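Chemist: Return a 3D structure for these sequence lines:
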Amino acid sequence: MLWAAISSRGLFAQAIPASPDGLRLRGAELRYVLPEPLFGASPAAPPIKALYVNAWAFGSSKLWHLVRLADSTEINAFVVDVKDDTGCMLYDSQVKIARDIGATRCLRARDARRRLDTLATHHIYAIARIVVAKDPLLAERRPQWSVQQRDIGGLWRDRIGSAWVDAYNDSVWIYAAQLAEEAVRLGFDEVQFDYVRFPDEPKEMMATAIFPSRRAGETQRAAVRASVQLLVRRLEPLGVPVTFDIFGLTASATGGGDLGIGQVWEDFTTVADVVLPMVYPSHYYRGAYGYERPNANPYAIVKRALREAIERSRSQARSAAIRPFLQAFTLGRRLPRYTPHEIREQIRAAEELGIMSWVLWNPRSVYQRDALRPYRSDVRPAVSENPE
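Modeler: Okay, here's the model as predicted:
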């Protein structure tokens, strides 16, 4: 829940005008509020409009520029790497495994708590992103928890040489849950898990991989489904939203197909609070939805992909809210370049379908102001932002 900050302990705390009830609020009290996204969302909560903030950006002076961007636009949330796909921690974690494997020796923000206070002061909802299965640091330091190489032995590695942990191994997921619990206690408002899956490598590469913790007859789908349930169950007492990043094509797969990575739409949407399909147009294959160049048709691709997601969830008695990741980057030579126009076209596609929450992804955490709506000073929020 977005809430009013009542303290100003942050690194960049400014003079914030007092609201009529005496609480110190920033300019967000002038923010207009749109309906929540479809499926499972609370009608009283404002929609999440977020930026992905990598650990380096969060731990540097760049954070202040992103805070100022949020202050002057519709952005009201940051997705922050607590543990990224290197296995390194954002802050000095006290979780035993993190300390044992050296994940705290490469931390990015020694003053993470103060920086979270800054987000709270500026009314920015803080989401902790935790990468699970792609953790080369954990894989190297705990080889018994890792994917092994057939015949020649040692750790199995993907195309770029990264080792992966064994997603059949319960210890991997318990470690992720412990980090999530710690992040919430530190001050994050929501936990978001990524790489909740098996490697997406060619079949010939996967044929050389051995998963030591796999039980007889156990499928990748069954392992992912059980692990998603474990994470939700472990975090339920904390009372924060538990959310999952998934491939955009997961909503398109039919006949129980798991895309070869263990992800099936219903296994996430029936237990999570929010699912975040990554519907980046540049990641769709040539000819997807009848478009020769999906990347050149951001509005159409996002709209078709999210319409499939809505239809997939419609028949469920209980389904997670849908909050897509949208593309705010240009991928190599796959033109066009993504300008504010291409980004706004994706947002328009989502909002026309009634999905008002979204996250912009740029791996460098660089965002174009013109892609975002400014505050509207003529409309106040539809709901109180005062804490209960």
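
Chemist: For Pro277, list the residues it contacts.
Modeler: Contacts here follow Cβ atoms under 8 Å, 6 or more residues apart in numbering; on that basis Pro277 touches 246-248, 250-251, 305-306, 309, 322, 324-325. From N, CA and C alone the C-beta is placed, and that goes for glycine too.

Chemist: a strand runs through it, doesn't it?
Modeler: Yes - secondary structure assignment (DSSP: H, G, I helix; E, B strand; the rest coil) places Pro277 inside a strand.

Chemist: how about the residue lying closest to it once chain neighbours are set aside, what does it touch?
Modeler: Nearest residue to Pro277, sequence neighbours excluded (Cβ to Cβ, 6 or more residues apart in numbering): Gly248, at 4.6 Å. By Cβ under 8 Å, 6+ apart, the contact set of Gly248 is 277-280, 283-284, 305, 324.

Chemist: any idea where the helices of the stretch 251-388 of the chain begin and end?
Modeler: Remark: helices of the stretch 251-388 of the chain, listed N- to C-terminal, are 265-269, 298-314, 340-352; assignment by DSSP state H, counting those that start in this stretch.

Chemist: So which of these is the most surrounded?
Modeler: Across those, averaging neighbours per residue (mean count of other Cβ atoms under 10 Å) puts helix 265-269 on top, at a mean of 23.

Chemist: could you give the mean pLDDT of it?
Modeler: This predicted structure assigns helix 265-269 an average pLDDT of 97.

Chemist: Show the subsequent helix or strand relative to the strand or helix carrying Glu204.
Modeler: Secondary structure assignment for Glu204, by DSSP states H and E: helix 203-206. From helix 203-206 onward toward the C-terminus, using DSSP H and E, the following helix or strand is strand 209-210.

Chemist: Give me the sheet partners of that next one and which way each runs.
Modeler: Each strand paired with strand 209-210, and its direction, by DSSP bridges: strand 148-149 (antiparallel).

Chemist: pLDDT (mean, whole number) over the next helix or strand along the chain from the partner strand?
Modeler: Per DSSP H and E, the first helix or strand lying C-terminal to strand 148-149 is helix 170-186. Predicted confidence along helix 170-186 averages 98 (mean pLDDT).

Chemist: hmm, back to that, not counting the helix holding Glu204 itself, show me its contacts.
Modeler: When contacts are defined by Cβ under 8 Å, 6+ apart, helix 203-206 is touched by residues 158-159, 199, 260.

Chemist: Neighbour-wise, which one of the residues you listed leads?
Modeler: Ranked by neighbour count under the definition other Cβ atoms under 10 Å, the contacts of helix 203-206 are headed by Pro199 with 21 neighbours.

Chemist: Save the contacts of Pro277 as CSV, and put in pLDDT and distance to Arg373 too.
Modeler: As requested, the contacts of Pro277 are exported to CSV (pLDDT from 0 to 100; distance: Cβ to Cβ, whole Å):
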residue, pLDDT, distance to Arg373
Ile246, 98, 27
Phe247, 97, 28
Gly248, 95, 24
Thr250, 95, 29
Ala251, 93, 27
Ala305, 98, 23
Leu306, 98, 19
Ala309, 97, 24
Ile322, 98, 20
Pro324, 98, 17
Phe325, 98, 19
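
Chemist: a markdown table for the helices of the stretch 251-388 of the chain, including distance to Asp111?
Modeler: Written out in a markdown table, the entries for the helices of the stretch 251-388 of the chain read as follows (distance: least, Cβ to Cβ, whole Å):
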| stretch | distance to Asp111 |
| --- | --- |
| helix 265-269 | 34 |
| helix 298-314 | 37 |
| helix 340-352 | 31 |
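
Chemist: so which of these comes closest to Lys62?
Modeler: helix 340-352 (19.4 Å; Cβ to Cβ).

Chemist: returning to what we had before: ok, the residue nearest to Pro277 to Ile301 distance?
Modeler: In this structure, Gly248 and Ile301 are separated by 9 Å, where distance is defined by Cβ to Cβ, to the nearest Å.

Chemist: just to revisit the earlier point, could you list the buried residues of the helix holding Glu204?
Modeler: Buried residues in helix 203-206, defined by neighbour count with 16 or more other Cβ atoms under 10 Å: Met206.

Chemist: Leaving out the residues flanking it, which one is nearest to His223?
Modeler: Careful, residue 223 is Ala and not His. Tyr168 (4.9 Å).

Chemist: got a list of what that neighbour touches?
Modeler: The contact partners of Tyr168, taken as Cβ under 8 Å, 6+ apart, are 211-215, 218, 223.

Chemist: For the stretch 251-388 of the chain, which segments count as strands?
Modeler: Remark: strands assigned in the stretch 251-388 of the chain by DSSP state E, counting those that start in this stretch are 274-278, 321-322, 325-327, 358-361.

Chemist: If anything else comes up later, I'll come back, but that's it for now.
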